[in-house]
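In: here is my input; please provide its structure:
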Amino acid sequence: MSHLTCISHNPQVSAFLKPPMLGVVLQTYGSGNAPNNRDDLISEIKNATRRGVLIINCTQCLHGPVVDQYATGKVRMYTGILPCFF
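Out: Numbers count the residues shown, from 1 in each chain. Reported below is the predicted structural model:
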C-alpha cells in the first residue's frame with residue numbers, strides 16, 4: 001500500500017486521509033478552489049493535517065499558482081493545506 005497519493009478533489013477525498021496515509025497531493029479547480037460548504041470534509045482535512053499528514057494543494061490548470069484570494073481558497077489555507085506554486 002502506498003502512503004502517498006495524488007487525487008482530484010471529489011467527495012471521497014476523506015477516504016484517502018485515513019492512516020497510514022502520510023501525504024496527499026490534492027488537485028483542485030482554478031486557483032486552488034474546492035467546495036467550501038462541506039464542513040465534514042473540512043473537518044477531515046484539518047484532522048489529517050493535525051496528525052501530520054502532508055497535504056499539498058495544486059491546481060488542475062496548466063499555468064498559475066494556488067492562492068487564497070477567494071473564499072474557497074481561504075478555507076483550504078485554514079485547514080493546514082500547503083499551496084503549490086509552479
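
In: quick one: low-confidence ranges for the protein?
Out: Scanning the chain for pLDDT under 70 picks out 1-4, 9-11, 31-32, 70-74, 85-86.

In: all strands for it, in order.
Out: Along the chain, the segments classed as strands by DSSP state E run 4-8, 23-28, 54-59, 82-83.

In: what's the burial count for Thr79?
Out: 18 (other Cβ atoms under 10 Å). Just so you know, the C-beta spots here come from the backbone N, C-alpha and C atoms, and that holds for glycine as well.

In: flag every buried residue along the longest helix seen in the chain.
Out: Longest helix in the chain by number of residues (criterion: DSSP state H): helix 39-50. Under the neighbour-count criterion of 16 or more other Cβ atoms under 10 Å, helix 39-50 has 41-42, 44-45, 48-49 buried.

In: circling back to that earlier point, now the strands of the chain in CSV, with mean neighbour count and distance to Arg76?
Out: Converted to CSV, the strands of the chain look like this (neighbours: other Cβ atoms under 10 Å; distance: least, Cβ to Cβ, whole Å):
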stretch, mean neighbour count, distance to Arg76
strand 4-8, 12, 14
strand 23-28, 19, 7
strand 54-59, 19, 5
strand 82-83, 16, 8
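
In: out of the ones you listed, which is closest to Asn37?
Out: The stretch from the strands of the chain with the least distance to Asn37 (Cβ to Cβ) is strand 23-28; that distance is 14.5 Å.

In: that closest one packs against which elements?
Out: Contact here means 3 or more Cβ pairs under 8 Å, 6 or more residues apart in numbering; DSSP states H and E; on that basis strand 23-28 packs against strand 4-8, strand 54-59.
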